[in-house]
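1. my questions are about this predicted structure, shown below with the sequence.
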Amino acid sequence: GAVVSQHPSRVICKSGTSVKIECRSLDFQATTMFWYRQFPKQSLMLMATSNEGSKATYEQGVEKDKFLINHASLTLSTLTVTSAHPEDSSFYICSARDRDRGLSQPQHFGDGTRLSIL
Amino acid sequence: EDQVTQSPEALRLQEGESSSLNCSYTVSGLRGLFWYRQDPGKGPEFLFTLYSAGEEKEKERLKATLTKKESFLHITAPKPEDSATYLCAVLGPGAQKLVFGQGTRLTINP
């Protein structure tokens, strides 16, 4: 149980392109999903908290106009990197928490999206 | 501010050589401490949750323990397939955001 699917797993595109990443909870409903960024050999850095039916909460230093988050249903959140540039190249990972299991339950992670901007 | 420090940064062991990874934390009102395993190019895989000092959890060759200041992940007789980065994270009183440590990169040589 508690499977989170992230798609696509890898994206290579030209500078200036907008890229959308999907995060789905497959066997549970998630009121809250989280988006992280991870640089090589570093830990996860929280970018934003995605709340179903409301605006996302962004961490300090994360540009909300650059990283658009939509959480339109209890099983799907999307992250769109707008007008991507080479410095946006990174490993993006989403996670979700089962809304029926309490706030102190673990987050379950997708397998990440490797984004490469040429 | 909640903080998590993991040590060592990297650890190399021979197959069968038991050891422990450390996670020291500072949080006002711990709601949970989580251990994850991350393989290269993959997302973190959930291992354990610990909620209160004295609690222990076990899974195969792994055992996690918790005190009021730190958690240990004990690895008994490890195998090469246990090689991965092990991440520790805490959930504070807001019960919303996880705070991660920097991870320990574990390599088990055959």
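-> Looks like it arrived, so ask away.

2. tell me which element the closest residue to A:E59 other than its chain neighbours falls in.
-> Counting by CB to CB, 6 or more residues apart in numbering or on different chains, A:E59 lies nearest to A:L46, which is 5.4 Å off, once chain neighbours are set aside. To be clear about C-beta, it is placed using only N, CA and C from the backbone, and glycine gets the same treatment. Secondary structure assigned from DSSP states H and E places A:L46 in strand A:44-51.

3. residues contacting that strand, please?
-> A:31-39, A:56-59, A:62, A:64, A:67, A:69-71, A:77, A:79, A:93, B:44, B:87, B:96-98, B:100 (CB atoms under 8 Å, 6 or more residues apart in numbering or on different chains).

4. for A:I12, give me its contacts.
-> A:I12 sits next to A:S116, A:L118 when contact means CB under 8 Å, 6+ apart.

5. tell me the secondary structure for it?
-> A:I12 carries the three-state label strand when classified by DSSP: H, G, I helix; E, B strand; the rest coil.

6. tell me the contacts of the closest residue to A:K66 other than its chain neighbours?
-> Nearest residue to A:K66, sequence neighbours excluded (CB to CB, 6+ apart): A:T82, at 5.8 Å. Going by CB under 8 Å, 6+ apart, A:T82 touches A:S18, A:D65, A:K66, A:F67, A:L68.

7. just B:S18 next, same as before
-> Taking CB under 8 Å, 6+ apart as the criterion, B:S18 is in contact with B:H74, B:I75, B:T76, B:A77, B:P78.

8. what ranges do the strands span in chain B?
-> Counting by DSSP state E, one finds strands in chain B at the ranges B:3-7, B:10-14, B:19-26, B:32-38, B:45-50, B:56-59, B:62-66, B:70-75, B:84-91, B:98-100, B:104-109.

9. and what of chain A?
-> Here chain A has its strands, by DSSP E, at A:4-7, A:10-13, A:19-25, A:32-38, A:44-51, A:57-58, A:67-73, A:76-81, A:90-97, A:108-109, A:113-117.
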